[in-house]
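> Sharing a model that was predicted from the sequence below.
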Amino acid sequence: MATVPDPLWDIALSLHRLQASEGRWAYASWFRDAHKRLIDKNLDRVVTELPLPLFSSTYYPDFLNPSEAQVGLSAGIEAIVETSPARIQEEVRRFAAQAAAPAWAPRLAERGMRKVVAEGLRQYYYTAIAPYHGYSRTCLDAERATLGQTMLHGGPDGLLANLGPHMRWVPPVLYVTYPVEDRDLWLGGRGLLLVPSYFCWGAPVAQGDPTLPQVLVYSPHRETLDSPGLFSSTAPLTALLGRTRALILRVTAGGSTTGELARAAGVSAPAASQHTTALRNAGLIISHRRGPKVVHTITPLGSALLHGPDQAA
């Protein structure tokens, strides 16, 4: 599983969120803030003319999601610019056959054009995505904590069987609801990198070329409990006063079930559940249900309260 959010997958999927109505309610705060930031920095036209046409459909050229981006945005951007023209020409042909590719897409084989697009992606990332990096990281950390618990108790089979409603594990096959045509992907001994993405909504996505290192990007939002105040810095904090809730908040930093929180705080499970409800309503933790268990992990706001703003930053 990915250890950090993949910036280029976040770019691609967030551009889908800007254009699609599905799940718009779940991204209302981000959609409003990102739109305003782009306008304030005079980037709305740049985004409309360059990145948006490339990511207007479920399929787009694979070279826009290089594996190097797992190291960071700069490495991913450099990999895009350094992609061979022959590969780009083949992927653009496939792109044009499956989607409404922009008229300038063939020019991506030119290094200069790739640099222009890459700079547009970079500016978009720092304007629309970087301000929400904390929430994206929280989603990934919560998913890692949850699946870590599942792996510990159920092994690989348990992990693969708990990847959400869009995936079904029937050994040795992982069946995935996919947004395009039916396809079979044979790993042939290769690994599969799981990438939970805050901006992924609904069906998981993967690369179109089966010969590439295989990545499965999926939504960690499944069965997420209500968390009012997650995007609000004015969430009520008065309910957090008291030693027990402070202790529970600290324990959630590593991801914990309700039962584990109850044992750590020395309270009953119903009492622990009441405390987590108060913390969740204040936007300080996020909770995911996995079968009979609920796993809680801390949010950036909760971390700031726990450690102080300087250390959290």
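Alright, I've got the coordinates. All of these numbers come straight from a predicted model, not from anything done at the bench.

> quick one: buried residues of stretch 206-221?
By neighbour count on 16 or more other C-beta atoms under 10 Å, the buried set for stretch 206-221 is Ala206, Gln207, Gly208, Gln214, Val215, Leu216, Val217, Tyr218, Ser219, Pro220, His221. In short, each C-beta sits where N, CA and C put it, glycine included.

> in stretch 43-59, what counts as buried?
Residues 43-44, 46-47, 50-57, 59 are the ones in stretch 43-59 that count as buried (16+ other C-beta under 10 Å).

> And the average pLDDT for it is what?
Stretch 43-59 carries an average pLDDT of 89.

> Select from the buried residues of stretch 43-59 every entry located in helices.
Among the buried residues of stretch 43-59, DSSP state H puts Asp44, Val46, Val47, Pro51, Leu52, Pro53, Leu54 in helices.

> Same list (those) but as CSV, adding distance to Thr299.
Shown next, in CSV, are these (distance: C-beta to C-beta, whole Å):
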residue, distance to Thr299
Asp44, 29
Val46, 32
Val47, 28
Pro51, 28
Leu52, 30
Pro53, 34
Leu54, 32
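
> re earlier: between the buried residues of stretch 43-59, which is nearest Trp201?
Distance ranking of the buried residues of stretch 43-59 against Trp201, using C-beta to C-beta, places Phe55 first at 14.0 Å.

> For the closest one, which residues are in contact?
The contact partners of Phe55, taken as C-beta atoms under 8 Å, 6 or more residues apart in numbering, are Ile11, Ala12, Leu15, His16, Gln19, Leu64.

> want to try TSV for those, with neighbour count and distance to Pro85 as columns?
Formatted as TSV, the contacts of Phe55 follow (neighbours: other C-beta atoms under 10 Å; distance: C-beta to C-beta, whole Å):
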residue	neighbour count	distance to Pro85
Ile11	24	22
Ala12	22	22
Leu15	23	24
His16	22	27
Gln19	10	28
Leu64	26	15
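
> how about the residues you listed, which pair is most distant?
Within the contacts of Phe55, Gln19 and Leu64 form the most distant pair, 15.8 Å apart (C-beta to C-beta).

> Checking my notes, Val294 in a helix, right?
No. Counting by DSSP: H, G, I helix; E, B strand; the rest coil, Val294 is not found in a helix; it is strand.

> what sits opposite it in the beta ladder?
Val294 forms beta bridges with Arg289, as assigned by DSSP bridges.

> And Tyr175, by the same measure?
Beta-bridge partners of Tyr175, as defined by DSSP bridges: Arg168.

> Okay, and Thr277 sits in which element?
Here Thr277 sits within helix 269-281, counting by DSSP states H and E.

> ok, so of the contacts of Phe55, who is nearest Leu147?
Nearest to Leu147, judged by C-beta to C-beta, of these is Ala12 at 23.0 Å.

> Look up the closest residue to Gly158, ignoring the ones flanking it.
Spatially, and ignoring its direct neighbours in sequence, Gly158 is nearest to Thr150 (5.0 Å; C-beta to C-beta, 6 or more residues apart in numbering).

> how close does that neighbour sit to His288?
Relative to His288, Thr150 is positioned 11 Å away (criterion: C-beta to C-beta, to the nearest Å).

> Just confirm the residue nearest to Gly158 contacts Leu159, I think it does.
Yes. Assessed by C-beta atoms under 8 Å, Thr150 is found in contact with Leu159 at 5.1 Å.

> Now do the strands in the protein.
With strands called from DSSP state E, the chain shows them at 167-170, 173-176, 192-196, 214-218, 256-257, 285-290, 293-298.

> With mean pLDDT and distance to Ala97 as added columns, please give those strands in a markdown table.
A markdown table is the format used below for the strands of the chain (pLDDT from 0 to 100; distance: least, C-beta to C-beta, whole Å):
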| stretch | mean pLDDT | distance to Ala97 |
| --- | --- | --- |
| strand 167-170 | 93 | 28 |
| strand 173-176 | 94 | 23 |
| strand 192-196 | 93 | 26 |
| strand 214-218 | 93 | 22 |
| strand 256-257 | 85 | 48 |
| strand 285-290 | 84 | 39 |
| strand 293-298 | 86 | 42 |
